[in-house]
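In: quick one, what's the 3D model for this:
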Amino acid sequence: MTETNPNPPAADIRRLWRSDLPDFRDHLLRLDDNSRHLRFGGGVSDAFLRQYAEHCFGKGDLVFGAFVDGQLRGAAELRSNEAIWSEQAPFNRHIHAEAAFSVEDGYRKRKIGEKLFRRITEAARNHGVEVIEIVCLPENSAMRRLAAKFKTEFVFDNSQLLGKLTARRPTPFSMMREAAHDFTDFGAAVFDAHLRALRMGAAA
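Out: Alright, predicted model coming up:
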């Protein structure tokens, strides 16, 4: 019988950059069929996920990852066609952005989703987003419970649930903290990319 670790390692949350694309893609590929169904609203193939990952680091995208023992096990995406995530964005408070979450089976119930959700809401407020939207299937009870913790209101929309959460207004302190997070996270991404290249070179 496999013993369950009563004190599983905590997840480290940081922003993902394009150099993290291989880790993000591999995380999506590890999602089981049910997780893929809940995340994408239906069954999706490995080929779809590979292509999807390639388009998640554009100018209107923010992606955050949850790393457990150095491996990406959860992710949160914040996407808007209106936002460019620039320094000027906080002064335009009429932006809607869509958020989406994924956590691998076996790594749930560790507050990973809650940590990712909190980082998403902080990033949204500091980049001018007024309303965060979450689309999920009615049977996705875990997502509904998580969103409810942050006072998200859901309504039915075309057989799906559409959740809306109003982001708080940014403050000078919150924006400074976001900038500090980005600086630290970018350094970690560069280090991880270098480490990944060394491992690939050793395996060649």
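
In: state the distance from residue 187 to residue 108.
Out: Shown here: residue 187 relative to residue 108, a distance of 29 Å by CB to CB, to the nearest Å. For the C-beta atoms, the positions are set from N, CA and C on the backbone; glycine is no exception.

In: looking at these two, which is more packed in?
Out: Under the criterion of other CB atoms under 10 Å, the comparison of residue 187 against residue 108 puts residue 108 first, with 14 against 11.

In: return the set of buried residues in whichever helix in the chain runs longest.
Out: Longest helix of the chain, by residue count under DSSP state H: helix 172-203. For helix 172-203, the neighbour count (16 or more other CB atoms under 10 Å) marks 174, 178, 181, 182, 185, 188, 189, 192, 193 as buried.

In: is the residue nearest the centre of the chain within a helix or a strand, and which one?
Out: Most central in the chain under CA atoms, centre = their mean is residue 76, positioned 0.9 Å from the mean C-alpha point. Assigned by DSSP states H and E, residue 76 falls within strand 71-79.

In: partner strands of that strand and their direction?
Out: Using DSSP bridges, the strands paired with strand 71-79 are strand 61-68 (antiparallel), strand 95-103 (antiparallel).

In: quick one: buried residues of that strand?
Out: With burial defined by 16+ other CB under 10 Å, the residues of strand 71-79 counted as buried are 72, 73, 74, 75, 76, 77, 78, 79.

In: what do you get for stretch 52-66?
Out: In terms of neighbour count (16+ other CB under 10 Å), stretch 52-66 has its buried residues at 53, 56, 57, 61, 62, 63, 64, 65, 66.

In: how close does the fourth one sit to residue 97?
Out: Look at residue 61 and residue 97: by CB to CB, they are 10 Å apart.

In: for the strand holding residue 76, list the C-alpha coordinates in CSV.
Out: Listed in CSV are the C-alpha atoms of strand 71-79, where the atom choice follows Å, rounded to 0.1, in the frame of the first residue of the first chain:
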residue,chain,number,x,y,z
GLN,A,71,8.2,20.7,-11.6
LEU,A,72,5.2,22.6,-12.9
ARG,A,73,2.0,21.0,-11.6
GLY,A,74,-0.6,23.8,-11.9
ALA,A,75,-1.1,26.8,-14.0
ALA,A,76,-3.4,29.9,-14.2
GLU,A,77,-3.9,32.0,-17.3
LEU,A,78,-5.2,35.6,-17.6
ARG,A,79,-6.0,36.7,-21.1
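
In: show me the shaky parts of this protein.
Out: Scanning the chain for pLDDT under 70 picks out 1-7, 82-93, 203-204.

In: by contact count, what packs against the host helix or strand of residue 142?
Out: For residue 142, the element it lies in under DSSP H and E is helix 141-149. Under the contact definition 3 or more CB pairs under 8 Å, 6 or more residues apart in numbering; DSSP states H and E, helix 141-149 sits against helix 112-126, strand 129-136, strand 160-166.

In: now the residue lying closest to residue 169 once chain neighbours are set aside: how far from residue 47?
Out: Counting by CB to CB, 6 or more residues apart in numbering, residue 125 is the residue found nearest to residue 169 once chain neighbours are left out, at 6.6 Å. Relative to residue 47, residue 125 is positioned 36 Å away (CB to CB).
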